[in-house]
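J.: what follows is a predicted structure for the sequence shown.
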Number of protein chains: 2
Amino acid sequence: MNRPARSHSSGLPLDRIRVVLSHTSHPGNIGAAARAMKTMGLSRLLLVNPKRFPDDQAVARAAGADDILAQAEVYATLDEALADTVHAYALSARHRNLGPPAMPARLAATDILARTDEGEVALLFGNETAGLSNAEVQRCQRTVFIPANPEYTSLNLASAVQLLCYELRLAAFGGRPPVVSKAVPFATPLAAYQDVERFYQHLERVMVASGFLDPQHPRRLVPKLRRLFGRAELESDEINILRGLLDAVEHTLTGKGESREARQDDSGRKQ
Amino acid sequence: MNRPARSHSSGLPLDRIRVVLSHTSHPGNIGAAARAMKTMGLSRLLLVNPKRFPDDQAVARAAGADDILAQAEVYATLDEALADTVHAYALSARHRNLGPPAMPARLAATDILARTDEGEVALLFGNETAGLSNAEVQRCQRTVFIPANPEYTSLNLASAVQLLCYELRLAAFGGRPPVVSKAVPFATPLAAYQDVERFYQHLERVMVASGFLDPQHPRRLVPKLRRLFGRAELESDEINILRGLLDAVEHTLTGKGESREARQDDSGRKQ
């Protein structure tokens, strides 16, 4: 069947991993698997004797990962799909007489990534209903299992592909893959110790002025509020907002109150 | 809408986690999410204003997880679905002005599990196309992101549920959830050191007898074969098979050869 030149061997580790789907019944699952792969940065999809492919349902479920489908290689036999690989891992929830050693998905991902140094590695998924045959599993050096609920291990094919590709992505990037941007755009730098302490002093002063805190019977109000704001890990802008609010309250209560400029002067002077 | 008695609060940690799907468009995704949950031992599905539910497509994609669908709670508003929770985590690939702090899925799973000590925890997933609204995200204390390919972050809804439930299961069982049986039924105990060494001696003797190994020019054959069998981590039955084969070959070559009984005697004597 079609077999483009294999130009991936020298690429990134994830490019040296083939996802091989054997005897897939539903083309929608092929599309969903392509989508799952692409979300995790894998791109090499090989199909062994799929029931229907290409197919509109595959394209629909691929949802933008149609480039993966377009590059998919289709073979009549597993031997052709595994040609030139140096390791093959079979996903299997069932246990096999004479099967190769079994590893859980997370451990397998680390193992697979390490093997990509030695050449191309295949990750093999069987038919939706029957799984992989014993003959197929015996062509692999390891089986991989997903540690699912023992009472219900029936993962959807694309879900299994998604989990394995996710583990491979995390393994490829040492648990910290690059993301678009983890920053919360509105966030400001964390407030420094002395600024937080001045806020507590200001808060206490206002609580006393308002009559809420009786210095003779403080009822642990201050440590409780310290605990609350400590957990929140105040940012510098939040300190400014809170102190502005305290200023306004203090001014209303007493006619006094620090100006914002005085606060910043103060802060600058003592740093 | 329907709201059965909430009897789960005292159960296992995974029973104190609600999966909340908000404004889901496609009932098939609700069914696939139920299936994904059940494979990982989660059972509490809450739906906020789903477009179509109950629905035959949901049942079809649930593939045996229809008990999760039957118990699903349906609400008109997110506030109702979050009632009585003490923490809520919003899955979101996008970054929000004023959004809560973001955590990657694996870290979030550990965090969520720890929070179940304090009460019920919700994990919130948005609409397939639009995701969660800012108003929905702001009802949560954390956002969770899946560290996907920055060029294509479009995970299917049920795939996202699958990944998070998988991480929760691993976190709930300290990375080693119970599985049906990891043993390969055909496996036998690993061979002991002295049995492996006697195999190497026997192998070397046969190689010499066959003329394959010239003791004057050994060409590193023995260390190479030691390396091969060392990697394979021989089992006791495999040693018996290999030594039986060596016996047969040796007998044919030289008319001599150890009997199986002599070997076992030998083994017993020297242990």
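T.: Received it, and whenever you're ready, just let me know what you need. As the structure is a computational prediction, the values presented were derived from the model and not from experiment. Numbers count the residues shown, from 1 in each chain, chains lettered A, B, ... in the order given.
J.: what angle sits between the host helix or strand of A:Ala160 and helix B:157-172?
T.: Taking DSSP states H and E as the criterion, A:Ala160 maps to helix A:157-172. Going by axes from the mean of the first three to the mean of the last three Cα atoms, to 10 degrees, helix A:157-172 is angled at 60 degrees with respect to helix B:157-172.
J.: now do helix A:157-172: which elements does it pack against?
T.: strand A:17-22, helix A:27-39, helix A:105-115, strand A:120-125, helix B:27-39, helix B:157-172 (3 or more Cβ pairs under 8 Å, 6 or more residues apart in numbering or on different chains; DSSP states H and E). All C-beta spots, glycine's among them, are computed from the backbone N, C-alpha and C.
J.: which of those sits closest to A:Ala158?
T.: Smallest distance to A:Ala158 across the helices and strands packed on helix A:157-172 (Cβ to Cβ): 3.4 Å, for helix A:27-39.
J.: what strands line up against the helix or strand following the closest one, and which way round?
T.: Going down the chain from helix A:27-39, the next helix or strand is strand A:44-48, by DSSP H and E. According to DSSP bridges, strand A:44-48 forms sheet pairs with strand A:17-22 (parallel), strand A:73-75 (parallel).
J.: could you dump those strands to a markdown table with mean neighbour count?
T.: Converted to a markdown table, those look like this (neighbours: other Cβ atoms under 10 Å in any protein chain shown):
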| stretch | mean neighbour count |
| --- | --- |
| strand A:17-22 | 25 |
| strand A:73-75 | 18 |
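J.: let's have those in JSON lines, adding distance to B:Pro101.
T.: Output for the strands paired with strand A:44-48, formatted as JSON lines (distance: least, Cβ to Cβ, whole Å):
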{"stretch": "strand A:17-22", "distance to B:Pro101": "33"}
{"stretch": "strand A:73-75", "distance to B:Pro101": "43"}
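J.: redo those as JSON lines? Include mean pLDDT.
T.: Converted to JSON lines, the strands paired with strand A:44-48 look like this (pLDDT from 0 to 100):
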{"stretch": "strand A:17-22", "mean pLDDT": "98"}
{"stretch": "strand A:73-75", "mean pLDDT": "98"}
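J.: re the thing from before, output the helices and strands packed on helix A:157-172 as TSV; include the columns distance to A:Glu235.
T.: Putting these into TSV (distance: least, Cβ to Cβ, whole Å) gives the following:
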stretch	distance to A:Glu235
strand A:17-22	41
helix A:27-39	32
helix A:105-115	35
strand A:120-125	44
helix B:27-39	35
helix B:157-172	28
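J.: domain parsing for chain A?
T.: Domain segmentation of chain A under automatic domain parsing yields A:13-172, A:193-270.
J.: go through the ones you listed and name the closest to B:Asn127.
T.: Nearest to B:Asn127, of all the domains of chain A, is domain A:13-172, at 14.5 Å by Cβ to Cβ.
J.: and stretch A:105-125, C-alpha only, in PDB?
T.: This file holds the C-alpha atoms of stretch A:105-125, laid out as PDB (Å, rounded to 0.1, in the frame of the first residue of the first chain):
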ATOM      1  CA  ALA A 105       1.800   3.400  30.800                       C
ATOM      2  CA  ARG A 106       3.800   5.900  32.700                       C
ATOM      3  CA  LEU A 107       6.800   3.700  33.100                       C
ATOM      4  CA  ALA A 108       6.400   2.500  29.500                       C
ATOM      5  CA  ALA A 109       6.500   6.100  28.200                       C
ATOM      6  CA  THR A 110       9.900   6.700  29.800                       C
ATOM      7  CA  ASP A 111      11.100   3.500  28.500                       C
ATOM      8  CA  ILE A 112       9.900   4.200  24.900                       C
ATOM      9  CA  LEU A 113      11.500   7.600  24.900                       C
ATOM     10  CA  ALA A 114      14.800   6.200  26.000                       C
ATOM     11  CA  ARG A 115      14.600   3.600  23.200                       C
ATOM     12  CA  THR A 116      14.100   6.300  20.500                       C
ATOM     13  CA  ASP A 117      17.900   6.900  20.900                       C
ATOM     14  CA  GLU A 118      18.400   3.500  19.300                       C
ATOM     15  CA  GLY A 119      16.000   3.800  16.400                       C
ATOM     16  CA  GLU A 120      12.300   3.900  15.500                       C
ATOM     17  CA  VAL A 121       9.800   2.600  18.100                       C
ATOM     18  CA  ALA A 122       6.300   1.400  17.500                       C
ATOM     19  CA  LEU A 123       3.300   1.600  19.800                       C
ATOM     20  CA  LEU A 124       0.700  -0.800  18.700                       C
ATOM     21  CA  PHE A 125      -3.100  -0.700  19.400                       C
END
